[in-house]
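Trainee: When you get a sec, could you give me coordinates for this:
(one chain, ligands or ions: 1)
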Amino acid sequence: MCGIVGYIGVQEASSVLVDALKKLEYRGYDSSGVAMAKSGKEGHSLVVEKAKGYIAELESKIKPSGSRAGISHTRWATHGIPNEINAHPHVDGSSSIAVVHNGIIDNHLALKEELRKKGHEFKSQTDSEVIPHLIEDEYSGNGGDLFEAVREVAKRLEGSFAIIVIHKDHPDMIVSAREKSPMVLGKGVNESFVASDVTALLKYTNNFFYMEDGEIALIKKNSIAVQTLDGEKVERDWTKVDWSVEDAEKGGFEHYMIKEIFEQPRSLHQSLSGWRSDEVNLPRDLVQTRMARIVACGTSYHAGMVGKYLFERFTGMPTMVSMASEYRFANTTKEDSLLLFITQSGETLDTIMAAREARKRGSRTVSITNVVGSTITRETDLTLYLRSGPEIGVAASKTFTSQLMMMYLLSSHMGYNMGSISREELKDVTMCLRNTIRAVAGILGDTSQVEEQAKWIKDFDNAFYLGRYINYPTALEGALKMKEISYIHCEGYPAGELKHGPLALLTEKTPVVAIVSNDHTYDKILGNIGECAARGAPVLAIVPEGDTEVMKYTDRTLTYSDPGALYSPIPISVTLQLLAYHAANLRDCSIDKPRNLAKSVTVE
Ligand code: F6R
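Mentor: The predicted structure is shown next:
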């Protein structure tokens, strides 16, 4: 969590720092700040501004200062409440050194104690404030070498960090270091950048260098030099990222989320057509696996749950799904299976740590991510890309459906390579996926019915989402979407489980959103809808076009064109995203930045 930016070049630093920071607001938005190096007649100084709340608050406080170098931060609080004092940048005792930090310093209490004994005083409740004070000591002890001071301090920090440091007496440089928190360097003409991720910098450059754990960078206007903390020169290729700045803009939509929902026919098509090149590279030994386990968090976990049904259907392989935060603590010490990690951002710390653990346990590891060069790509043996384009809205939408697309593609191709399905069946999967994209386009072509239902559901405080078999995870994801952006309390449930307890909660004030698919679960889910309706709960049924049976139980329906029940999670998810979006919008919620959340969860 937290987003950080550093800039040095020829432009007014404050405008680059704030503009880039806005693109990172999805990483945290409870407070923000900047520090800029300024040189004038009176010598060198640091200008520091901070504000509680959204970045717009900070922006209104900042005046152009003529500075050409600075650092900025948008915060998602871990230590200390959101206020100006706890906001970054934090400075040392003499206000000469400013630091922005993303991550958690596990040994901050011990470090603080040590520094206090030496006379350092702290103003904030944060773990991060120890960093400028440690640098201050190192710097004064090493004759004023900022780079070396940061290196020595980085070696002492335990936990996770991406830090950017500026010193008032060195306005020609910024220094950054990383351990377990993402950081990317960017190079333009006569200017250099560093940020938590590429979306912040797309307006300025497409030329990126992904820093790895244990690395430190000396960033100047015309040069960037990277070393390991042990002093070895790092020489890796720079990456050209083909996302455009428009991809990371709202493009006339009111929110990123609705723009991203509407992008799905294109993003799904990109995932499908991009598969051909990935497929060629699928290593042979993947098909020798006898078991698969999918590991992920949140929405990506729901994609993994759909994947379980697909892997079992197309490959016959027993497949387990684990939450990354739980998998790591399981007792398995050796696992001879295919481990698949799904993470849109590629930076979710629980998923990354789970991937590390899986390698230790001897598994073959594959990741599915949207972000080229993200950390997960280095933690796994093979990476498959979603190709969804950048997703800025905190609530995942287009990347979820692309993750589903990858589940269909990977499982069916593995099934074919293993001899579990025929070439005809494999072709049939591709045809159904094309029809699925058409079904999504159909839903987006006329959203008026969903908007009507959003007007109805927005006034409830609680709701249940029910599904069965492959649409059980669809129900979980629909409920997650609704709760995280509209703050209506929603529970996703396997429809058959309702009568084992939760049915007690149903009243006329508890609507049920029930997903009906045209498969072996059809009669059963209809029965479950009947059970809910009989207890007075209003039911909104999501049904295939042309269905008439459901009318016996409810006249409140939303329809989808059915690409085949196995593929229905994709169009149904789009309907449920729209339902959540419109309900949240009618409730005046902060859709792209829901309270307490951040898009990349880079703390454990
Ligand atoms: C919810 C949502 C989150 C993420 C989760 C994992 O809309 O987006 O639940 O799915 O934080 O993130 P990634 O996929 O980046 O690992």
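
Trainee: The residue nearest to residue 230 when sequence neighbours are not counted - how many residues pack around it?
Mentor: Closest residue to residue 230 apart from its sequence neighbours, by CB to CB, 6 or more residues apart in numbering: residue 214 at 7.8 Å. C-beta here means a position set from N, CA and C on the backbone, and glycine is covered the same way. Residues near residue 214, counting by other CB atoms under 10 Å, number 17.

Trainee: Relative to the ligand, how far out is residue 214?
Mentor: According to CB to the nearest ligand atom, to the nearest Å, residue 214 and the ligand sit 23 Å apart.

Trainee: what's near enough to touch that residue?
Mentor: Residue 214 is in contact with 178, 179, 228, 229, 230, counting by CB atoms under 8 Å, 6 or more residues apart in numbering.

Trainee: ok, the fourth one touching residue 154?
Mentor: Yes. Between residue 229 and residue 154 there is a contact at 5.6 Å, judged by CB atoms under 8 Å.

Trainee: neighbours around the residue of the stretch 251-400 of the chain found nearest the ligand, how many?
Mentor: The minimum distance from the stretch 251-400 of the chain to the ligand, using CB to the nearest ligand atom, falls at residue 298 (2.0 Å). Look at residue 298: counted by other CB under 10 Å, it has 22 neighbours.

Trainee: For it, report the pLDDT, please.
Mentor: At residue 298, the predicted lDDT confidence score is 97.

Trainee: which residue sits closest to it, ignoring its sequence neighbours?
Mentor: Using CB to CB, 6+ apart, the nearest residue to residue 298 is residue 480, at 7.1 Å.

Trainee: give the contact list for the one you found.
Mentor: 298, 299, 302, 490, 492.

Trainee: Mind giving me the packing neighbours of the helix or strand the fourth one falls within?
Mentor: It refers to residue 490. Using DSSP states H and E, the element containing residue 490 is strand 489-494. Taking 3 or more CB pairs under 8 Å, 6 or more residues apart in numbering; DSSP states H and E as contact, the helices and strands that strand 489-494 lies on are strand 462-467, helix 472-486.

Trainee: between those, which gets nearest to the ligand?
Mentor: helix 472-486 (5.7 Å).

Trainee: Correct me if wrong: residue 308 contacts residue 321.
Mentor: Yes. In this structure, residue 308 is within contact of residue 321 by CB under 8 Å, at 5.0 Å.

Trainee: Can you give me the neighbour number for residue 401?
Mentor: Neighbours around residue 401, by other CB under 10 Å: 30.

Trainee: What of residue 43?
Mentor: 9.

Trainee: is it in a bridge, and if so with what?
Mentor: Using DSSP bridges, the beta-bridge partners of residue 43 come out as residue 40.

Trainee: okay, it: pLDDT?
Mentor: 85.

Trainee: Quick check: residues of this protein near the ligand?
Mentor: 297-300, 343-345, 348, 351, 395-396, 480, 484, 600-601 (CB under 6 Å from any ligand atom).

Trainee: ok, longest helix in the chain?
Mentor: If you go by DSSP state H, the chain has its longest helix at helix 423-445.

Trainee: gap between it and the chain center?
Mentor: 27 Å (CA atoms, centre = their mean, to the nearest Å).

Trainee: More neighbours: which of residue 229 and residue 154?
Mentor: Between residue 229 and residue 154, counted using other CB under 10 Å, the more crowded position is residue 154 (23 against 17).

Trainee: residue boundaries of the helices in the stretch 501-604 of the chain?
Mentor: 522-534, 569-586 (DSSP state H, counting those that start in this stretch).

Trainee: How about the contacts made by residue 511?
Mentor: 456, 457, 460, 463, 464, 537, 538, 539, 540.

Trainee: which secondary structure elements does the helix or strand where the first one lies contact?
Mentor: It refers to residue 456. Per DSSP H and E: residue 456 is located in helix 448-457. Other helices and strands packing on helix 448-457, by 3+ CB pairs under 8 Å, 6+ apart, are strand 539-544, strand 557-560, helix 569-586.

Trainee: if we go to 10 Å?
Mentor: helix 423-445, helix 472-486, strand 539-544, strand 557-560, helix 569-586 (3 or more CB pairs under 10 Å, 6 or more residues apart in numbering; DSSP states H and E).

Trainee: That helix vs strand 489-494, what angle?
Mentor: 120 degrees (axes from the mean of the first three to the mean of the last three CA atoms, to 10 degrees).

Trainee: All the strands of the stretch 301-450 of the chain, residue numbers only.
Mentor: Taking DSSP state E, counting those that start in this stretch as the test, the strands found in the stretch 301-450 of the chain are 319-323, 338-343, 364-369, 382-385.

Trainee: and the ones you listed, which is most packed in?
Mentor: strand 338-343 (a mean of 30; mean count of other CB atoms under 10 Å).

Trainee: quick one: common contacting residues for residue 229 and residue 154?
Mentor: 177, 178, 179, 214, 215, 216 (CB atoms under 10 Å, 6 or more residues apart in numbering).

Trainee: Going by distance to the ligand, which of those residues wins?
Mentor: Using CB to the nearest ligand atom, the shared contacts of residue 229 and residue 154 come closest to the ligand at residue 178, 17.9 Å.

Trainee: Quick one: neighbours of the closest one, just the number.
Mentor: 28.

Trainee: is it fair to say it lies in a strand?
Mentor: Yes. According to DSSP: H, G, I helix; E, B strand; the rest coil, residue 178 belongs to a strand.

Trainee: Minimum pLDDT in the shared contacts of residue 229 and residue 154, which residue is that?
Mentor: When these are compared, residue 179 shows the smallest pLDDT, 93.

Trainee: Might one say that it is in contact with residue 101?
Mentor: No. Using CB atoms under 10 Å, residue 179 is not in contact with residue 101, being 11.1 Å away.

Trainee: Please say which of the two ends up with more neighbours.
Mentor: residue 101 (28 against 21).

Trainee: and the closest residue to that one other than its chain neighbours, helix, strand or coil?
Mentor: Spatial nearest neighbour of residue 101, excluding adjacent residues (CB to CB, 6+ apart): residue 128 at 4.0 Å. Here residue 128 is recorded as coil under three-state DSSP.

Trainee: For residue 128, what are phi and psi?
Mentor: The phi and psi values for residue 128, taken as degrees, to the nearest 10, are phi -70, psi -30.

Trainee: Make 31 the first number, not 1, from now on.
Mentor: In the new count, where the first residue is 31, that last one comes out as residue 158.

Trainee: dump the residue contacts of residue 452.
Mentor: Residue 452 neighbours (CB under 10 Å, 6+ apart): 445, 446, 458.

Trainee: part of a strand, is residue 64?
Mentor: Yes. Residue 64 forms part of a strand when assessed by three-state DSSP.

Trainee: so how far is residue 347 from it?
Mentor: For residue 64, the distance to residue 347 equals 51 Å [CB to CB, to the nearest Å].

Trainee: and those two? which has more neighbours close in?
Mentor: Neighbours were counted for residue 64 and for residue 347 using other CB under 10 Å; residue 64 has more, 31 against 20.
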